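[1] this is the structure alone, sequence omitted:
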């Protein structure tokens, strides 16, 4: 079963615009992670935010976590064509990661 | 440092045939995971190893799937016999330490069962 649900399922933007993806989950967590998957490749870890953190930055990425709403958002600023990929949130449950279905981001040059 | 290595990258077989996937994790990573990813979905855990012990195989269809990690390093996932519904990407990942911390994924094996 999948715990996290990303929204939107697909997002298409122009290069230079910002992209925001959201993730909702159902049960309490210790941490939430975001991963990127390019077509035909494995997943790449982007960022991990712990339950006692509210915001975290890494380069052009900004992640927020609202444990009261059981939701997280991933913001990619000044997007590039190379950011085209699927983005997954993952939450921990009993020592395992549970992934959502992902948001498919398309950045057009 | 080498990443997680998987082979083969692609496999096409007929239903009822056996198939095996191999994974070599990042050196020093004691936790290894096998996931299955269906088209348009996120990865779903099949089995998690800590060293050579399978600590969570609750989602592994044990009637046809088996896995081993004999020396606590590389691992093999086997399907016998394969069914049409097994067509998917099989991903291996590893992490240092136990628990749901950062995982490092291999490129996956894309299986097509005809």
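    Okay, I see it. Remember, predicted model here, so these are calculated numbers, not experimental data.

[2] for chain A, what lies in contact range of chain B?
    A:2, A:4, A:30-31, A:33, A:35, A:40-45, A:48, A:88, A:90, A:92-102 (CB under 8 Å from any CB of the partner chain). To be clear about C-beta, it is placed using only N, CA and C from the backbone, and glycine gets the same treatment.

[3] after the helix or strand bottoming out on mean pLDDT in chain A, next one along is what?
    Within chain A, no helix or strand scores below strand A:5-7, which has a mean of 85 by mean pLDDT, DSSP states H and E. Counting by DSSP states H and E, the next helix or strand C-terminal to strand A:5-7 is strand A:10-14.

[4] quick check: buried residues in that following strand?
    By 16 or more other CB atoms under 10 Å in any protein chain shown, the buried positions in strand A:10-14 come out as A:11, A:13.

[5] chain center to the next helix or strand after it: distance?
    As assigned by DSSP H and E, the chain's next helix or strand after strand A:10-14 is strand A:19-24. When C-alpha coordinates are averaged (CA atoms, centre = their mean, to the nearest Å), strand A:19-24 and its chain have centres 6 Å apart.

[6] same question, stretch A:40-57
    Worked out by CA atoms, centre = their mean, stretch A:40-57 lies 7 Å from the chain centre.

[7] tell me the mean pLDDT over it?
    For stretch A:40-57, mean pLDDT rounds to 94.

[8] contacts for that stretch?
    With contact meaning CB atoms under 8 Å, 6 or more residues apart in numbering or on different chains, stretch A:40-57 is reached by A:28-38, A:58, A:61-67, A:72, A:74, A:87-88, B:4, B:43, B:91, B:93, B:101-108, B:110.
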